[in-house]
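K.L.:
Predicted model follows, preceded by the sequence.
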Amino acid sequence: QVQLVESGGGGRLLQAGGSLRLSCAASGRTFHDYIMAWFRQGPGKEREFVAGITSGGERTTYTESVKGRFTISRDNAKATVYLQMDSLKPEDTAVYYCASNNARWMLHREVNEYLYWGQGTQVTVSS
């Protein structure tokens, strides 16, 4: 059974311009064989794609609003994917989810393309 567990968010109130790193630990299958992604869902909004990374980390992709501020990476030896978030803005406030499917290379952006989800971690940024 695939399990994804996020950490790094929680109840802290972050200031605009600050940084935070989220982690997502995976278990239940061979981590390095599959793509990983981060999504987020802000208050009253639909869940949206944030960033994705291929199985070996060769390729990444980002939604436009986070380009140049967020960095997705992975450590296959630790079966963990990260999201480094810099220059945070109040509009980054959301519950952040890591997700995966059975693809190795194709980085889908649609929620319904992903089979496995973590429980989410809250990120709150004040102005």
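P.N.:
That came through, no problem.

K.L.:
what's across from the residue nearest the centre of the chain in the sheet?
P.N.:
What sits nearest the mean C-alpha location of the chain, by Cα atoms, centre = their mean, is Trp38, with 2.3 Å. Bridge pairing for Trp38 (DSSP bridges) gives the partners Ala51, Cys98.

K.L.:
Tell me, what's the model's pLDDT at it?
P.N.:
pLDDT, the model's per-residue confidence, is 98 for Trp38.

K.L.:
isn't it right next to Leu83, touching?
P.N.:
Yes - using Cβ atoms under 8 Å, Trp38 makes contact with Leu83 at a distance of 4.8 Å. Yep, even glycine has a C-beta here, placed from its N, CA and C like the rest.

K.L.:
Touching, Gln15 and Pro90? I think so.
P.N.:
No - taking contacts as Cβ under 8 Å, Gln15 lies outside contact range of Pro90: 9.8 Å.

K.L.:
Please identify every residue contacting each of these two.
P.N.:
Residues touching both Gln15 and Pro90 (Cβ atoms under 8 Å, 6 or more residues apart in numbering): Val125, Ser126.

K.L.:
For the closest residue in space to Ala99 that isn't next to it in sequence, grab the count of nearby residues.
P.N.:
Leaving out its chain neighbours, the residue that sits closest to Ala99 by Cβ to Cβ, 6 or more residues apart in numbering is Tyr114, at 4.1 Å. When neighbours are defined as other Cβ atoms under 10 Å, Tyr114 has 23 of them.

K.L.:
Over to the one 5 residues further on?
P.N.:
Per other Cβ under 10 Å, the neighbour tally for Gln119 reads 11.

K.L.:
hang on, isn't it packed against Gln3?
P.N.:
No - with contact defined as Cβ under 8 Å, Gln119 does not count as touching Gln3 (9.6 Å).

K.L.:
all helices of this protein, in order?
P.N.:
Assigned by DSSP state H, the chain shows no helices.

K.L.:
Distance-wise, check the nearest residue to Gln1 once chain neighbours are set aside relative to Ser73.
P.N.:
Spatial nearest neighbour of Gln1, excluding adjacent residues (Cβ to Cβ, 6+ apart): Gly28 at 5.0 Å. To Ser73, Gly28 is 21 Å away according to Cβ to Cβ, to the nearest Å.
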